[in-house]
Structure formats: structure tokens, C-alpha cells
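In: I would like to see how this sequence folds:
(one chain, ligands or ions: 1)
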Amino acid sequence: MNLRFTKMHGAGNDFVVIDATKEPFALTPEQMRRLGDRRFGVGCDQILVIEPGREPADDFAYRIFNGGTGEEVEHCGNGSRCFVRYVVDHGLTTKRSIRVRTMAAQLELHLRDDGRVTVDMGAPIFETGRVPFDAKALQPREVNGFELWPLVDLGVEVAVVSMGNPHAVQVVEDVATAPVLSQGPLIENHPRFPRRVNAGFLQVIDRSHVKLRVFERGAGETLACGTGACAAVVAGIRLGLLDARVDVQTHGGVLTIEWAGASAGLDAAVFMTGPAVQVFEGEITL
Ligand SMILES: N[C@H](CCC[C@H](N)C(=O)O)C(=O)O
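Out: Predicted coordinates:
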């Protein structure tokens, strides 16, 4: 079969976007892995599939598949910005504030006049059972009232947060020398995370600037991770290290994360603002 696609990126986190608003989408996990393969396919971190809204309040639905495994996942922050850029640029909507539903959340997204996109990412989830993280028989270390959980076999402590998808965030001295490529897969597949996990490495520059690297579940280290940036900033705020608005420097660009959780309560929504770029359109024979 021939498949038309659009290649996009959000701060270097790259995507193959498939428009399934006109006919139903049905690719096998093997075909998804082929799309994600940087040698035998197009190559991307995730595949984004845009579908018509399934609920009256939703303008669209969009599905996310990790490019390395073909598995469908709950959320993709950088992908949600590219989704908005796509539907506006391809005339699928005349709105600039768009409601979309993913597997895990209903999002409100806004295309700004400066071309960046602001996403209401919803509230973070801290209950370990909902991340999910198996805390059985573990003693956390409390910092500023927030738990850091030991991964004893790896000799690290992580904050566990869900943004709809699971994140394990550790604070490091220097992301440039952090063991992202060696320790990342060990955290991703750690038995304490029954659905595996995205592993974040957070370096605090000052209370409103951080650097972040993420070894993503099902994709490896990406140039940026939107939900990872949200999870890392939320963890940093709860640890008392960060203010409510933080610029996150990733390999692929800067994401701005805002969370008023320290003053407005832990169920405050996280807002992410960042770029969304179309690179090329193409057709692949699967
Ligand atoms: N690898 C992630 C999905 C993509 C998240 C990331 N690309 C983002 O921008 O949030 C997971 O398995 O949960």
C-alpha cells in the first residue's frame, strides 16, 4: 500500500503525521515500526494519527505510536503542538483553539500569533499506583514534602510523575555527563514500572531555567520530550527548586512550562509552549 504522510518536529522530537480524518486508519505494529525506522522506513520518534473527534465536544482525536516499538501510548506533548500546526495548515479547521482527545486526556490547544503552540496538558498525577510505579516495600526520601523513590539496584533516586504517560525524573549535576544512554534503558525497563517509563535527567540552572535530557519509553533518547519537560518541571517545583514558569533547554530547542501547583494546588493544569514545524510531505510504500 502507498501511504501519504507529513514529516514534522517539535523542538527536534520528530513525527510522521498521518491524516486519517477521511478514511479509517489501520496499520499493523510492524508497519508502524517500519514508518519509525530511520533506515528501512521514514524514521521518527513517534507516529501521530489524526482522526475525527469521537465526542461532541472534541474537534479531533489523535493517536500516538512510539516509532521504536509501534506501541500505542497515552500522550505526546511535542506531538500535540505538531497536531495543531497540521490541522490548521492543512485547512482541517479554521479554529485557533482546538479541543482534541488522546488515549489518556482531552487537551485544549492554542495556536499563537507567533506561530508557537500553547497546550493545556492537564494536571500531573502523583499517586504511585496511577503512574504506575510499584512502591511496595520501598521507603521514599522526602524533600520539601515530595517523595524521591530509590531504584536500589541502580543506585538512583527518582521522582515519579504521570502526565498521562509515566515519567521517572532524577536531578543531575550536568546533563552533558549524565549516563542517559547507559542508565536510561535500565530505568525505562525497570520492574518497578509495570508499563515501563520515560527516564528524565534534569539539571537545574536557576529557578526558571533548566536543561533536560529524556530517554523515552519506546523511542530512546529524543532531542526533546514535551511530557518529559512537564514532568521534570513539576517535580522540580515540588522539590522546591523551581518557580512556576520555567524555560527547559533541550537538545532540540526550548520549551516553556508553567505550573501553579505550588500556590494553586496540585491539581492545577500544566501549560507547555513551544515550536511546531512541518519539514516535508511524502509517500511511502508499506
Ligand atoms: N515516549 C513517550 C511518548 C512520546 C512522548 C514525547 N515525545 C512527548 O513529547 O511528550 C511514551 O512512551 O510515553
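In: any idea which helix or strand comes after the helix or strand harbouring Asp14?
Out: Secondary structure from DSSP states H and E places Asp14 in strand 13-19. The helix or strand immediately downstream of strand 13-19 is helix 29-36, counting by DSSP H and E.
In: Would you mind checking the average pLDDT for that following helix?
Out: Helix 29-36 shows a mean pLDDT of 92 in the predicted model.
In: Which strands or helices does the helix or strand immediately after it in the chain pack on?
Out: Of the helices and strands lying after helix 29-36 in sequence (DSSP H and E), the nearest is strand 46-52. Here strand 46-52 touches strand 13-19, helix 29-36, strand 60-66, helix 77-89, going by 3 or more Cβ pairs under 8 Å, 6 or more residues apart in numbering; DSSP states H and E. The way it works is simple: take the backbone N, C-alpha and C, and place the C-beta from them, glycine included.
In: Just the residues contacting the helix or strand where His167 lies, thanks.
Out: Using DSSP H and E, His167 maps to strand 166-171. Applying Cβ atoms under 8 Å, 6 or more residues apart in numbering, the external contacts of strand 166-171 come out as 131-133, 151, 156-161, 187, 190, 193, 195-204, 217, 227-228, 231-232, 235-236, 239, 241.
In: hmm, which of those are the buried ones?
Out: By neighbour count, with 16 or more other Cβ atoms under 10 Å, the contacts of strand 166-171 hold 131-133, 151, 156-161, 187, 190, 193, 196-204, 217, 227-228, 231-232, 235-236, 239, 241 as buried.
In: re earlier: possible to save the helices and strands packed on strand 46-52 as TSV with mean neighbour count and distance to the ligand?
Out: As requested, the helices and strands packed on strand 46-52 are exported to TSV (neighbours: other Cβ atoms under 10 Å; distance: least, Cβ to the nearest ligand atom, whole Å):
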stretch	mean neighbour count	distance to the ligand
strand 13-19	25	5
helix 29-36	19	11
strand 60-66	22	5
helix 77-89	25	4
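In: ok so, going back, run the angle between the strand holding Asp14 and helix 29-36 for me.
Out: Angle between the axes of strand 13-19 and helix 29-36 is 120 degrees (criterion: axes from the mean of the first three to the mean of the last three Cα atoms, to 10 degrees).
In: who does strand 13-19 touch, helix- and strand-wise?
Out: strand 2-10, strand 46-52, helix 77-89.
In: Columns mean pLDDT on top of these, output as JSON lines?
Out: Putting the helices and strands packed on strand 13-19 into JSON lines (pLDDT from 0 to 100) gives the following:
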{"stretch": "strand 2-10", "mean pLDDT": "97"}
{"stretch": "strand 46-52", "mean pLDDT": "97"}
{"stretch": "helix 77-89", "mean pLDDT": "95"}
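In: Kindly state which of these is positioned closest to Leu107.
Out: When these are compared by Cβ to Cβ, helix 77-89 sits nearest Leu107, at 5.7 Å.
In: Could you identify the helix or strand that succeeds the closest one?
Out: Later in the chain than helix 77-89, the nearest helix or strand by DSSP H and E is strand 97-101.
In: How about that next one, which residues are buried there?
Out: Ile98, Arg99, Val100, Arg101.
In: can you pull the contacts of the last one?
Out: What that stands for is Arg101. Arg101 neighbours (Cβ under 8 Å, 6+ apart): Gly53, Arg54, Glu55, Asp58, Phe60, Ala61, Tyr62, Leu107.
In: With pLDDT added, can I get the buried residues of strand 97-101 in a markdown table?
Out: Output for these, formatted as a markdown table (pLDDT from 0 to 100):
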| residue | pLDDT |
| --- | --- |
| Ile98 | 94 |
| Arg99 | 95 |
| Val100 | 94 |
| Arg101 | 92 |
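In: re earlier: make TSV from the contacts of Arg101 and add pLDDT and distance to Leu255 to it.
Out: As requested, these are exported to TSV (pLDDT from 0 to 100; distance: Cβ to Cβ, whole Å):
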residue	pLDDT	distance to Leu255
Gly53	94	26
Arg54	90	28
Glu55	90	28
Asp58	95	25
Phe60	96	22
Ala61	95	24
Tyr62	93	19
Leu107	89	16
